[in-house]
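Colleague: everything below, folded, please.
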Amino acid sequence: MIIVLERGATESQLDGVLREASLQGRSASVTRSKGATLVRLDGPGDLGERMRGLPGVRATMVGNRSYVLASREFQQADTLVRVGDVVFGGTRAVLIAGPCSVESREQVFAVARAVKASGAHMLRGGAFKPRTSPWSFQGMGEEGLKLLAEVSKETGLPVVTEVMSPDQVDLVGSYADMLQIGSRSIQNFPLLRAAGRSGKPILLKRGMATEIDEFLGAADYILAEGNPNVVLCERGIRTFDTATRFTLDVVSIPVLERLTHLPVIADPSHATGVAHLVAPAARAAIAAGADGLLIETHPDPREALCDGRQALTMAELDAMMGPIRAIAAAIGRSI
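Modeller: Numbering: from 1, shown residues only. You can find the predicted model right below:
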């Protein structure tokens, strides 16, 4: 059993919990973080009702699990994550759009102006790219970050971009408004902790073979550093099928909505890997309750240095938005 103390719980309140555990014949271990103090009790049975009545106790949970702070037991109310004027988790679904990678000043400025005209609220773009092959384009590095910051200033679009290692967190955080943890890094625990300590809003992408429990466990690494601003991203999982790059796990969106208070968005670009499937998958994600979409766009996908096959043209993004808005309105939301 896990007992979660209030953030401001005193030592005397902790001692009270430990005393009660001893009276009930349970041994206890204490884990402290910036996000919460947890007390684990051994032995069978549920002492939740007794423990919840003690001063300083926020929540109790039964069973073994990878996550605590991301759970609905810990917090019933939905978390709203703010990135500038953009709010994840409210009544308006958020559209993030932009290129897989920053390739040039001309490219990123053209994309940013176009996606803003289509209704995007944030700009995405990779400066550091984790690639399967070491010979593939790895991104422009800090020069790419500078271009993202420059175009953000001109357009007013906040920027999200990926960070790949703990030693990049301060550098990327000095240019970006939101840090992305990519699917390949979801169990890079030093990176998760460093991202949490940055205080920046974090976009956490599900790994291609990551179970929901593991996904929320990764979120807890960030939350445990005292950073509550985590947005989850369903980006497709690897299955037996080869018709698409991955399989968009649409059901994970309502599953996560029941299990966690954190906002959940979808990335239909990586989930499908094929441009003509992005719009249908995006429609499905919004209908399932996603709090936003992450869409890859490029002025000329045939010339893209990274993931051109799944990138939408500016015209395709614009055409996608009408049906998306209609679906959002049908379930009481806007985009």
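
Colleague: where in the stretch 1-150 of the chain is pLDDT low?
Modeller: For the stretch 1-150 of the chain, residues meeting the criterion pLDDT under 70 lie at 45, 131, 135, 137.

Colleague: strands along that one, start to end?
Modeller: Here the stretch 1-150 of the chain has its strands, by DSSP state E, counting those that start in this stretch, at 2-5, 28-32, 37-41, 57-61, 81-83, 86-88, 94-98, 122-124.

Colleague: what comes into contact with the last one?
Modeller: So the one you mean is strand 122-124. The contact list for strand 122-124, computed with Cβ atoms under 8 Å, 6 or more residues apart in numbering, reads 83, 86, 94-99, 111-112, 115-116, 148, 151-152, 155, 157-161, 177-178, 180, 294, 296. All C-beta atoms are positioned from the backbone trio N, CA, C, and that covers glycine.

Colleague: for the fourth one, same thing?
Modeller: With contact meaning Cβ under 8 Å, 6+ apart, strand 57-61 is reached by 1-7, 9, 13, 17, 36, 47-48, 51-52, 68, 71, 73-74.

Colleague: equivalent analysis for the fifth one, please.
Modeller: Contacts of strand 81-83 with the rest of the structure, by Cβ under 8 Å, 6+ apart, involve 87-89, 122, 158, 160, 177-178, 201, 228-231, 262-263.

Colleague: tell me how far that strand lies from the chain's centre.
Modeller: Chain-centre distance of strand 81-83: 12 Å, with Cα atoms, centre = their mean, to the nearest Å.

Colleague: how about the fourth one?
Modeller: Remark: strand 57-61 is offset 25 Å from the chain centroid, using Cα atoms, centre = their mean.

Colleague: that strand vs strand 37-41, what angle?
Modeller: Counting by axes from the mean of the first three to the mean of the last three Cα atoms, to 10 degrees, strand 57-61 lies at 40 degrees to strand 37-41.

Colleague: list the strands paired with strand 57-61, with their directions.
Modeller: In the sheet, strand 57-61 lines up against strand 2-5 (antiparallel) (DSSP bridges).

Colleague: can you report how many residues lie near the closest residue to L80 other than its chain neighbours?
Modeller: Nearest non-adjacent residue to L80, counting by Cβ to Cβ, 6 or more residues apart in numbering: G89, 4.6 Å away. Residues lying near G89 (other Cβ atoms under 10 Å) number 21.

Colleague: so how far is G43 from G89?
Modeller: When distance is defined by Cβ to Cβ, to the nearest Å, G89 is 37 Å away from G43.

Colleague: do the same with Q13
Modeller: Plainly put, Q13 is 22 Å away from G43 if you go by Cβ to Cβ.

Colleague: neighbour count winner among these two?
Modeller: Legend: neighbour count by other Cβ under 10 Å for Q13 and G43, higher for Q13 (17 against 11).

Colleague: OK, contacts around the more buried one?
Modeller: Neighbours of Q13 in contact, by Cβ under 8 Å, 6+ apart: 5-6, 54-57.

Colleague: hang on, isn't P55 packed against R19?
Modeller: No. If you go by Cβ atoms under 8 Å, P55 and R19 don't touch, sitting 11.9 Å apart.

Colleague: residue boundaries of the helices in the protein?
Modeller: Using DSSP state H, the helices of the chain run over 11-23, 48-52, 105-118, 142-155, 169-173, 189-198, 212-223, 252-259, 268-272, 275-287, 314-330.

Colleague: so which of those is the most packed in?
Modeller: Ranked by mean neighbour count under mean count of other Cβ atoms under 10 Å, the helices of the chain are led by helix 268-272, which reaches a mean of 27.

Colleague: mind listing residues that contact that one?
Modeller: Residues from elsewhere that reach helix 268-272, judged by Cβ under 8 Å, 6+ apart: 183, 234-236, 244-248, 277-279, 281-282, 285, 293-296, 307, 310-312.

Colleague: show me what contacts A266?
Modeller: 233-235, 248, 250, 253, 281-282, 285, 290, 292-294 are the contacts of A266 under Cβ under 8 Å, 6+ apart.

Colleague: got the phi/psi numbers for the nearest residue to F246 once chain neighbours are set aside?
Modeller: Spatial nearest neighbour of F246, chain neighbours left out: G236 (3.0 Å); criterion: Cβ to Cβ, 6+ apart. The phi/psi pair for G236 (degrees, to the nearest 10) reads phi 90, psi 150.

Colleague: what's around G236, how many residues?
Modeller: G236 has 25 nearby residues by other Cβ under 10 Å.

Colleague: what is the neighbour count of the closest residue in space to T10 that isn't next to it in sequence?
Modeller: Distances taken as Cβ to Cβ, 6+ apart place G56 nearest to T10, at 6.6 Å, with adjacent residues excluded. Counted with other Cβ under 10 Å, the neighbours of G56 add up to 19.

Colleague: G56 contacts L14, doesn't it?
Modeller: Yes. Contact status for G56 versus L14: in contact at 6.9 Å, counting by Cβ under 8 Å.

Colleague: one step back: which one, of the strands of the stretch 1-150 of the chain, ends up nearest to R193?
Modeller: Each of those has some distance to R193 by Cβ to Cβ; the shortest is strand 28-32, at 14.2 Å.

Colleague: measure stretch 291-303 end to end?
Modeller: Stretch 291-303 has an end-to-end distance of 31 Å (Cα to Cα, to the nearest Å).

Colleague: thanks a lot, see you next time.
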